[in-house]
Every structure is written in C-alpha cells, then in structure tokens.
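# sequence and predicted structure below; questions after.
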Amino acid sequence: MKDADATVTTALAAAHTLEEQARALSMLFAPPFECQQAIDAHAQCMRTNGKDFSRCTATQDAMDSCIENGEKRRFRIESKCRSKRRIYMSCLLQGAGHEFPVQMAALADCVREVLDSPPQS
C-alpha cells in the first residue's frame, strides 16, 4: 500500500494548477483510485479469454487488491481529514472561488500528513 500512497503523494506534489490538484485528490476518494491499469489489464484478459474466467484470476486478484488498498487508504484519510474535506466540498459546491484554493491546500496538506504517517493496525 505504501507504493500507492507514494503515487498519490507524487501526483499531489506535481500538481501545479488547481485542476491538477483536484484531479490528484479525487484519486483518493473515488474508485478506481489509481487502479485503472489493473482494471484495463483484467478487461483485456477477459476479452482475450472469453468465458474462461480461470485464466484471469491473476488479473482479477491484482485489480481487487489495488481497489481494496485504495478503499483502506480512503478510510484512513477520511477519518483524519473529515472536517477539511467537508469544508473543501462545501466551497466546491457553493462556488466560493476565493476560498477554494485555501481549502484545497488545507485538504492536500492533511492528506500528505496521513500518507506520510504509517497506517495503524
């Protein structure tokens, strides 16, 4: 899961515009998370092998594992950053343009803090 966290942290760090940062944040909260390659690989396997599901168990397992890790990470982030996300979403929905960059930065900082700390068991 640490590799996926690093992927998202890198995407957040590389985001220079508000749109890029919003896209990076959305990877955290909605499936397919960062799992599109695993989903595409499984879909290709299913197209290639037709109804023989047994030949695609590896791609199915990889896709399921990726999505499960994304869901666990989303839960960790939501439990620590709930109020910041709520304020960010409020700005987004209400069109509070002047507050939007500030609230997005606050949410992104909270997310980075959660991703940089080890998951608790």
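Here it is on my side, so go on.
# show me what the longest helix along the chain is packed against.
When the chain is parsed with DSSP state H, its longest helix is helix 57-94. With contacts taken as 3 or more CB pairs under 8 Å, 6 or more residues apart in numbering; DSSP states H and E, helix 57-94 sits against helix 2-14, helix 18-29, helix 36-49, helix 100-116. The way it works is simple: take the backbone N, C-alpha and C, and place the C-beta from them, glycine included.
# just put these in JSON lines and tack on mean pLDDT and distance to S83.
Output for those, formatted as JSON lines (pLDDT from 0 to 100; distance: least, CB to CB, whole Å):
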{"stretch": "helix 2-14", "mean pLDDT": "70", "distance to S83": "19"}
{"stretch": "helix 18-29", "mean pLDDT": "84", "distance to S83": "15"}
{"stretch": "helix 36-49", "mean pLDDT": "94", "distance to S83": "30"}
{"stretch": "helix 100-116", "mean pLDDT": "90", "distance to S83": "9"}
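# in JSON lines: the ones you listed, plus mean neighbour count and distance to D61.
What follows is the helices and strands packed on helix 57-94, written out as JSON lines (neighbours: other CB atoms under 10 Å; distance: least, CB to CB, whole Å):
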{"stretch": "helix 2-14", "mean neighbour count": "15", "distance to D61": "16"}
{"stretch": "helix 18-29", "mean neighbour count": "16", "distance to D61": "21"}
{"stretch": "helix 36-49", "mean neighbour count": "14", "distance to D61": "9"}
{"stretch": "helix 100-116", "mean neighbour count": "17", "distance to D61": "24"}
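# right, so of the ones you listed, which gets closest to T57?
Nearest of the helices and strands packed on helix 57-94 to T57, taken as CB to CB: helix 36-49 at 9.4 Å.
# circling back: how far does the longest helix of the chain sit from the chain's center?
5 Å (CA atoms, centre = their mean, to the nearest Å).
# likewise for stretch 106-121?
Distance, centroid of stretch 106-121 to centroid of chain: 13 Å (CA atoms, centre = their mean).
# now do the residue nearest the centre of the chain against K72, distance only.
Nearest to the mean C-alpha position of the chain, by CA atoms, centre = their mean, lies L28 at 2.2 Å. Distance from L28 to K72, counting by CB to CB, to the nearest Å: 12 Å.
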